[in-house]
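Novice: Here's a sequence, model it:
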Amino acid sequence: METTIEGLEVHTLTVHQDNRGWFKENWSGQKLTPKQHNVSFNARRGATRGMHAEPWDKWVSVATGRVFGAWVDMREGSATFGEKFTCEIGPDTAVFVPRGVANGFQALEDNTTYIYLVNQRYSPGGAFCSYKEIDWPLDPTELSAKDLEHPMLIDAAPLPPRRILVTGANGQLGRALRRIWSDEQAHFVGHDEFDIANPPEMAWENYWAIVNCAAYNDVNGAENDRAGAWSVNAAGVAKLASISNEHDLTLVHVSSDYIFDGAVEVHDEAETPSPLSAYGASKAAGETAAQVARKHYVVRTSWVFGDGRNFMSVMADLADRGVAPKVVCDQRGRPTWAEDLAKGIAHLLSTGAEYGVYNISSDGDAVTRDEIAMAVFIAVGGDPADVHPVTTDEYAAEFGAEAPRPRESTLSLDKIKATGFAPTNWRAALALYVAT
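Specialist: Below you'll find the predicted structure:
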């Protein structure tokens, strides 16, 4: 049956009758994953309940009797906001009620049992409007005190849309995402507000996705603090995946080129992780944990530069101060502008791309770190000849050994491009970065 409210669906159920009575399969996997099963018994015809728009989906039907079901769209920004729909519900009918659509009903018979599944456990909150919005077939009776107090729709507060939770929001990627999503679209939290190793209690019914930008990023420090790196990069991600499954959320987790040993020139999404360092091992484990989420995007990236301290900003500072740095010349990859990474993540979520692993970096030629340093020196008006290439071994001999890095970090971009996303050439991105 067609309805006037977007997303509201009326389903016909098969009822098997015999001399004993009847049997029906009330729900068999349609539309939602149940978290709670509620039963409302109504002793007398005319008993009326509503109108309640909670922040979760419902699957409603009856076990005995008949009801007159009624719905009002109270979703802020909905294309059908304010629209109403009514229909009779007997044992052969079920209705899927999306989050934010006010639900109500009136018993048409004595001893009517109204049943409904929801995909979140009950918690206070939601939006409400008056039962008087509906033209009921019987005079409403047995109304609760709260239902009598609900305002007319014109005076009622709508239910805001669900948001995206962005963890680690004070880093380079988090700051780039702030330029894409408003506070109405996303809730940005830093480590002080949301520690992924010990996630706080949240009203998860108000979210539809988690973008995990939080990470233990001290590559060298992880060699001596393996437990700390593992707690954030692996165990914390596992907790987010569990939350995502429990509340039917999409999880986006950001991974790294450091999960590879760099034995091949270009890494595609199908390559098996082969980390060289404790940091890389923790990130590889985090990928595995994230993929436990039914709805997941694991986004691998490399050599990020944006708003914050990074390789580009350090080289620019050295050029400004007239310092001639020694930079390794045997580690090759493609830099990633944080703006590209943020836009790529937003693209995956907005287009509903197939879940899985995606590489996202800026586009362009693969270069060594000393070549990047030279490009930065040129961009800020310095002399590229001041950059002195050295091998990883030479650098370690002079400045001390570091955690091992992959020699080849270039990520294949074929899969993300196939979804319609086109990253910026990293050289153009560098020019924009320096200019701003």
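Novice: When you work out contacts or count neighbours from here on, use the C-alpha atoms and nothing else.
Specialist: Noted.
Novice: Just the helices from the stretch 251-400 of the chain, written as ranges.
Specialist: Assignment of helices within the stretch 251-400 of the chain using DSSP state H, counting those that start in this stretch yields the ranges 278-290, 311-320, 338-351, 369-379, 392-399.
Novice: right, so those: which one is the most enclosed?
Specialist: Neighbour counts (mean count of other C-alpha atoms under 10 Å) averaged over each of the helices of the stretch 251-400 of the chain peak at helix 278-290, with a mean of 25.
Novice: Send me it as PDB with only the CA atoms.
Specialist: Included here for helix 278-290 are C-alpha records, laid out as PDB according to Å, rounded to 0.1, in the frame of the first residue of the first chain:
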ATOM      1  CA  ALA A 278      54.700  -2.200  16.300                       C
ATOM      2  CA  TYR A 279      52.700   0.800  15.100                       C
ATOM      3  CA  GLY A 280      52.000  -0.900  11.800                       C
ATOM      4  CA  ALA A 281      50.900  -4.100  13.600                       C
ATOM      5  CA  SER A 282      48.500  -2.200  15.800                       C
ATOM      6  CA  LYS A 283      47.000  -0.500  12.700                       C
ATOM      7  CA  ALA A 284      46.700  -3.800  10.900                       C
ATOM      8  CA  ALA A 285      44.900  -5.300  13.900                       C
ATOM      9  CA  GLY A 286      42.600  -2.200  13.900                       C
ATOM     10  CA  GLU A 287      41.600  -3.000  10.300                       C
ATOM     11  CA  THR A 288      40.600  -6.500  11.200                       C
ATOM     12  CA  ALA A 289      38.600  -5.200  14.200                       C
ATOM     13  CA  ALA A 290      36.800  -2.600  12.100                       C
END
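Novice: Name the residues that touch it?
Specialist: Taking contacts as C-alpha atoms under 8 Å, 6 or more residues apart in numbering, the residues outside helix 278-290 that touch it are 217-220, 222-223, 226, 229-230, 233-235, 237-238, 240-241, 251-253, 255-256, 258-260, 273, 275, 296, 298.
Novice: quick check: domain ranges of this structure?
Specialist: Per the record, the chain has its domains at 9-155, 163-435, by automatic domain parsing.
Novice: Turn the ones you listed into JSON lines, columns for distance to residue 3 and mean pLDDT.
Specialist: Output for those, formatted as JSON lines (distance: least, C-alpha to C-alpha, whole Å; pLDDT from 0 to 100):
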{"stretch": "domain 9-155", "distance to residue 3": "6", "mean pLDDT": "96"}
{"stretch": "domain 163-435", "distance to residue 3": "24", "mean pLDDT": "96"}
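Novice: that older thread, any idea which of the helices of the stretch 251-400 of the chain gets closest to residue 265?
Specialist: Residue 265 lies closest to helix 369-379 among those, at 15.1 Å (C-alpha to C-alpha).
Novice: Tell me which residues are up against that closest one.
Specialist: Applying C-alpha under 8 Å, 6+ apart, the set of residues contacting helix 369-379 from outside is 312, 315-316, 319, 327-333, 383-385, 387-389, 430-431, 434.
Novice: With adjacent residues omitted, what lies nearest to residue 127?
Specialist: By the measure of C-alpha to C-alpha, 6 or more residues apart in numbering, the closest residue to residue 127 outside its immediate chain neighbours is residue 53, 4.9 Å from it.
Novice: my guess is the one you found contacts residue 70, does it?
Specialist: No: under the criterion of C-alpha atoms under 8 Å, residue 53 is not in contact with residue 70, lying 11.6 Å apart.
Novice: The two: which is more packed in?
Specialist: Each of residue 53 and residue 70 has its neighbours counted (other C-alpha atoms under 10 Å); residue 53 has more, 27 against 24.
Novice: tell me the contacts of that one?
Specialist: For residue 53, the residues meeting the contact criterion (C-alpha under 8 Å, 6+ apart) are 74, 99, 100, 101, 102, 103, 126, 127, 128, 159.
Novice: Next one: the fifth one from residue 73, what distance?
Specialist: In this case it means residue 102. For residue 102, the distance to residue 73 equals 6 Å [C-alpha to C-alpha, to the nearest Å].
Novice: hang on, the earlier thing: which members of the contacts of helix 278-290 are classed as buried?
Specialist: Buried members of the contacts of helix 278-290, scored by 16 or more other C-alpha atoms under 10 Å, are 219, 222-223, 229-230, 233-235, 237-238, 240-241, 251-253, 255-256, 258-260, 273, 275, 296, 298.
Novice: if I look at residue 368, how far off is residue 426?
Specialist: For residue 368, the distance to residue 426 (C-alpha to C-alpha) stands at 13 Å.
Novice: again but with residue 420, I slipped
Specialist: Here the distance between residue 420 and residue 426 works out to 18 Å (C-alpha to C-alpha).
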